[in-house]
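Novice: dropping the sequence and predicted coords here.
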Amino acid sequence: MSTVAQGQTAPFAGTLDVLSRILPANLLKPRVAIVCGSGLSTLASSLRDVVEVPYSSLEGFGKSTVEGHRSALAFGLIGEGKGIPVVAMLGRFHPYEGHSLSTVVYPIRVLARLGVRDIIITNAAGALNPNLDVGTIVSIQDHLALPNLTGFNPLLGPARPNYPRFLPLSTAYSRPLRRLVFLAAHALGLPRDALAEGTYAWVSGPTYETPAEGRYMRAAGADVIGMSTVPEVLAAREEGVNVCVLSLVTNKVVIPEYESVREAVEAELAGRTVEQAPEAELSHEEVLSVGQQKAGVMKALVAKLIELIAAEQ
Ligand SMILES: O=P(O)(O)O[C@@H]1C[C@H](O)[C@@H](CO)O1
């Protein structure tokens, strides 16, 4: 198995050939794709007649090395009767794992070549917006990607025939799909505050934000923050696939008010005590455990959304 270096010709023909030999005809042309975020692989348990294909058998695919991410594609059906053919990525690649941006987005380009028209990209994210509680699902309507703006963008490279040189992103997050997300939540009877709308900030990780960085991204207009998704969105849009992103809030980003230690020490020396907020630290274990606990609602929402997408055809 080799991954895709920046600027290298991608091995699509080999990857598609392997899939065409493994998959039965009714699963070979998935209509919708799901990308499962951290702790969210169970989203694929809505699928029936599943055929799993390990990434290790697909040329160009990397290996997910992050806990909470598996390394396989799951092909299956959702819904009654003949069912809707769906493919789920049980694990994604992040640049912080050492993968090139070309490897990060390679599976998205393969899914587009299989015929996927709509992609539902999920992730675990921290809330910057203080009104968002842990467990809330945020339907993403826009993004803020400092890495893209400063030269870390998966679309960098020579112009290619049949691809736009300058991809517009003002409508990257499909309004028709966002409408269906809210209709799906309604159909499931979810409480109003279970689903919000907002802007996703992409950071490279693997460090979590400092308080100052959290304040900065919030002031810049982001509601949630995470280390994935945006490269996949760009590749999907470049391939002409409609994009829906759902973020599960797994934690509130630690943004304490600025606290002066000097004032605390001066108060202490003067015999006064000053209340200081307890210090808190985020861990990936916390992200995963919240993701796993709250995956049920996300799973129901994604399955209902796919049914509504199919019904609109
Ligand atoms: O793959 P996602 O974006 O769901 O994973 C999030 C971001 C980091 O990879 C990790 C941090 O805990 O979870």
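Specialist: Arrived safely, thanks for sending.
Novice: show me what from the chain comes close to the ligand.
Specialist: 37-38, 66, 92, 94, 123-124, 205, 226-228, 284, 287 (C-beta under 6 Å from any ligand atom). (Glycine included, C-beta is placed from N, CA and C.)
Novice: and the gap between the residue of the stretch 201-313 of the chain at minimum distance from the ligand and Arg113?
Specialist: Nearest residue of the stretch 201-313 of the chain to the ligand (C-beta to the nearest ligand atom) works out as Ser228 at 3.3 Å. Plainly put, Ser228 is 22 Å away from Arg113 if you go by C-beta to C-beta, to the nearest Å.
Novice: hey, where'd the strands end up in the stretch 51-200 of the chain?
Specialist: 72-78, 84-90, 118-127, 137-145, 195-202 (DSSP state E, counting those that start in this stretch).
Novice: how about those strands in TSV, adding mean neighbour count and mean pLDDT?
Specialist: Formatted as TSV, these follow (neighbours: other C-beta atoms under 10 Å; pLDDT from 0 to 100):
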stretch	mean neighbour count	mean pLDDT
strand 72-78	23	96
strand 84-90	26	96
strand 118-127	27	97
strand 137-145	20	98
strand 195-202	22	98
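Novice: so which of these comes closest to Arg272?
Specialist: strand 118-127 (34.2 Å; C-beta to C-beta).
Novice: residue of the stretch 1-150 of the chain closest to the ligand, please.
Specialist: Per C-beta to the nearest ligand atom, the residue of the stretch 1-150 of the chain with the smallest distance to the ligand is Gly37, at 2.9 Å.
Novice: can I take it that that residue is in a strand?
Specialist: No: read with DSSP: H, G, I helix; E, B strand; the rest coil, Gly37 is coil and lies in no strand.
Novice: quick check: closest non-adjacent residue to it.
Specialist: Asn123 (3.7 Å; C-beta to C-beta, 6 or more residues apart in numbering).
Novice: OK, contacts around that neighbour?
Specialist: Going by C-beta atoms under 8 Å, 6 or more residues apart in numbering, Asn123 touches 37-38, 40, 200, 226, 228-229, 245-248.
Novice: and those, which of them are in strands?
Specialist: Among the contacts of Asn123, the residues falling in strands (DSSP state E) are 200, 226, 245-248.
Novice: compare Ser228 and Arg113 and say which is more crowded by neighbours.
Specialist: Legend: neighbour count by other C-beta atoms under 10 Å for Ser228 and Arg113, higher for Ser228 (28 against 15).
Novice: the more buried one reaches Tyr96, doesn't it?
Specialist: No: counting by C-beta atoms under 8 Å, Ser228 does not reach Tyr96; the two are 9.4 Å apart.
Novice: the stretch 101-250 of the chain: helices as residue ranges?
Specialist: Counting by DSSP state H, counting those that start in this stretch, the stretch 101-250 of the chain has helices at residues 101-114, 146-149, 175-187, 211-219, 230-238.
Novice: neighbours around the residue nearest to Pro154 when sequence neighbours are not counted, how many?
Specialist: Leaving aside its sequence neighbours, Pro154 sits nearest to Leu101 (C-beta to C-beta, 6+ apart; 4.0 Å). Residues contacting Leu101 under the criterion other C-beta under 10 Å number 21.
Novice: mind listing what Val290 touches?
Specialist: 39, 124, 134-135, 248, 250-251.
Novice: wait, Thr199
Specialist: 140-144, 221-224.
Novice: longest helix of this protein?
Specialist: helix 284-311 (DSSP state H).
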